[in-house]
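Asks: Structure for the following, please:
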Amino acid sequence: MAGHSKWANIQHRKGRQDKLRAKVFSKMSKEITVAAKMGDPDPDKNPRLRMAVKEAKSVSVPKEVIDRAIKKSQAGEGDDYEEIRYEGYGPNGVAVIVEAMTDNRNRTASTVRSTFTKNGGNLGETGSVGFMFDRKGEVTYSVDTGDADTVMMAAIEAGAEDVESTEEGHVIWCADTDLNDVATGLEGELGESDSTKLVWKPNITTEMDLESMQKLMRLMDALEDDDDVQRVTTNFEASDEVMEQLSEE
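Replies: Presented below is the predicted three-dimensional model:
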């Protein structure tokens, strides 16, 4: 999964997060509003909202924006949003999962399908690529949190399934249903995490060369530009050389 970590770093270096800051804030706010609407408006009593708030903080969403999003849920906003998952294939047959939150299913489906088609991909049926991923909880910590052994021991104590420690940081995996408990246990040992969220973790990967990765980046960028799309996940695998070439462009 190192490729996906490098992917995030490439996006950050290219300034994509800064350029799309307003859009990122909007998507995080929508998630917070819906999470608060589905449960208690107090993050301490609502695991989904707690995770949404933590994820928002990890991308520097201001506290006032988070508070405003929670208040919207109490004002009746968020009632019309529907969560939909789309599955399809991108360049070189790479599997793509698109998670959307929309108040107009037809509009979103049309836009997502068009985006796939325009960028060398094909939108498939639900389940067409889902078997290539496992739903997991993911908790990340910076490299200066501690050494690999320290993080591993904390993860075991918290009930996690696996840990990946690299020079870029620590990624702790757990069952999706255990994420809140694992994250809470880790905080007691390691402090506040950088990120805590539910993800689709590939169990089958697709090898990508430079040209395929360039096409995939265009597809992902186009999908993420859609206001209805919350997140995009793929099962790409690329060599360090390919990722380095992408970072230099």
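Asks: could you point out which element follows the helix or strand where residue 170 lies?
Replies: In the assignment (DSSP states H and E), residue 170 maps to strand 169-175. Downstream of strand 169-175, the next assigned helix or strand under DSSP H and E is helix 179-190.
Asks: Show me the contact partners of that next one.
Replies: 47, 50-51, 54, 137, 139, 141, 145-146, 150-151, 154-155, 157-160, 172, 174, 193, 196-198 (Cβ atoms under 8 Å, 6 or more residues apart in numbering). Every C-beta, even on glycine, is put in place using the N, C-alpha and C of the backbone.
Asks: Buried members of the residues you listed into PyMOL, please.
Replies: Here is the PyMOL command that picks out the buried ones among those, judged by 16 or more other Cβ atoms under 10 Å:
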select buried, resi 47+50+51+54+137+139+141+145+146+151+154+155+158+160+172+174+193+196+197+198
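Asks: Quick one: the strands in the protein, in order.
Replies: 82-89, 95-102, 122-123, 133-141, 162-166, 169-175, 195-202, 206-207, 229-234, 236-237 (DSSP state E).
Asks: out of those strands, nearest to residue 40?
Replies: strand 195-202 (18.0 Å; Cβ to Cβ).
Asks: returning to that earlier point: so for the strand holding residue 170, what gets flagged as buried?
Replies: In strand 169-175, counting by 16+ other Cβ under 10 Å, buried: 169, 170, 171, 172, 173, 174.
Asks: Need the phi and psi values for residue 167.
Replies: Taking degrees, to the nearest 10, you get phi -70, psi -10 for the backbone angles of residue 167.
Asks: show me what contacts it?
Replies: Here residue 167 is in contact with residue 143 (criterion: Cβ under 8 Å, 6+ apart).
Asks: Please apply the same query to residue 48.
Replies: By Cβ under 8 Å, 6+ apart, the contact set of residue 48 is 35, 38, 39.
Asks: Try it again at 6 Å.
Replies: When contacts are counted by Cβ atoms under 6 Å, 6 or more residues apart in numbering, residue 48 touches residue 35.
Asks: what's the distance between it and residue 242?
Replies: 36 Å (Cβ to Cβ, to the nearest Å).
Asks: can you count the residues close to residue 85?
Replies: 12 (other Cβ atoms under 10 Å).
Asks: right, I mislabeled it, should have said residue 190
Replies: Neighbours around residue 190, by other Cβ under 10 Å: 19.
Asks: circling back to that earlier point, just name the closest of the buried residues of strand 169-175 to residue 115, please.
Replies: Using Cβ to Cβ, the buried residues of strand 169-175 come closest to residue 115 at residue 171, 28.6 Å.
Asks: Now do the same for the closest one: its pLDDT.
Replies: Here the pLDDT value assigned to residue 171 is 95.
Asks: For residue 56, see how far away it is.
Replies: The value you get for residue 171 to residue 56, if Cβ to Cβ is used, is 20 Å.
Asks: Domain map for this structure?
Replies: What automatic domain parsing lists as the domains of the chain is 2-74, 82-131+204-248, 132-202.
Asks: if we can go back for a sec, just send the strands of the chain back as TSV, with distance to residue 181 too.
Replies: Listed next are the strands of the chain as TSV, based on distance: least, Cβ to Cβ, whole Å:
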stretch	distance to residue 181
strand 82-89	23
strand 95-102	23
strand 122-123	36
strand 133-141	9
strand 162-166	16
strand 169-175	8
strand 195-202	11
strand 206-207	33
strand 229-234	23
strand 236-237	31
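Asks: residue furthest from the geometric center of this structure?
Replies: Among the C-alpha atoms of the chain, the one farthest from their average position, using Cα atoms, centre = their mean, is that of residue 75, at 27.4 Å.
Asks: tell me the contacts of residue 103?
Replies: Counting by Cβ under 6 Å, 6+ apart, residue 103 touches 80, 81.
Asks: Can you tell me the closest non-neighbouring residue to residue 224?
Replies: For residue 224, ignoring the flanking residues on the chain, the nearest one in space by Cβ to Cβ, 6 or more residues apart in numbering is residue 232 at 5.7 Å.
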